[in-house]
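Q: Take a look and give me a structure for this.
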Amino acid sequence: MSYSKCILIGNIGNQPELRYLGNGTPVVSFNVATNERKKVNGERQDVTTWWRVTAFRQQAETIAQYLNKGDSIYVEGRPSLSTWTDKEGKERTTLEVALTEFTFTGLRQSKEQAKAATVTGFDDSEVVDDDVPF
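A: As a prediction, the model looks like this:
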């Protein structure tokens, strides 16, 4: 048995596109840019790698609702390499990840999103320094 797993921490490069399959299953696709510093021709440069990420069902709906272009994201999934021919007849390669897990790592939230993500029902007015364990 073998299994491939890919972990990415990067920024979303385009607005996630939510669509529905013929059976009604939600699916979202978006690009993630990862950066690393490499030595290229003797000089240190930032090199960006683009990944195509696809998510299904509840994960797709959550990503489409809360994430936007430029947001930071942690992605886990199954990697694949896809080769295709563009309009000019040139062979292209796309790095793809079928998302299995993700985490918001740096949302640029609107006030409505921040309010929706905030735990409600907690009143911190009764917390005193003696209650804090550190």
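
Q: Stretch 49-65: end-to-end distance?
A: 25 Å (C-alpha to C-alpha, to the nearest Å).

Q: From the chain's centre, how far out is that stretch? Work that out for me.
A: Offset of stretch 49-65 from its chain centre (C-alpha atoms, centre = their mean, to the nearest Å): 7 Å.

Q: average model confidence for that stretch?
A: Average pLDDT, stretch 49-65: 93.

Q: now what about it, what contacts it?
A: With contacts defined as C-beta atoms under 8 Å, 6 or more residues apart in numbering, stretch 49-65 is touched by 8, 10, 13, 16-18, 25-36, 75, 77, 94-99, 102. From N, CA and C alone the C-beta is placed, and that goes for glycine too.

Q: Same check on stretch 14-28?
A: For stretch 14-28, using C-beta under 8 Å, 6+ apart, the contacting residues are 29-31, 54-61, 63-64, 67-69.

Q: just the buried members of these?
A: 29-31, 55, 59-60, 63-64, 67-68 (16 or more other C-beta atoms under 10 Å).

Q: For those residues, give me CSV that also has secondary structure and distance to residue 81.
A: Below are the buried ones among the contacts of stretch 14-28 laid out as CSV (DSSP: H, G, I helix; E, B strand; the rest coil; distance: C-beta to C-beta, whole Å):
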residue, secondary structure, distance to residue 81
29, strand, 16
30, strand, 18
31, strand, 15
55, strand, 19
59, helix, 22
60, helix, 22
63, helix, 23
64, helix, 26
67, coil, 25
68, coil, 27
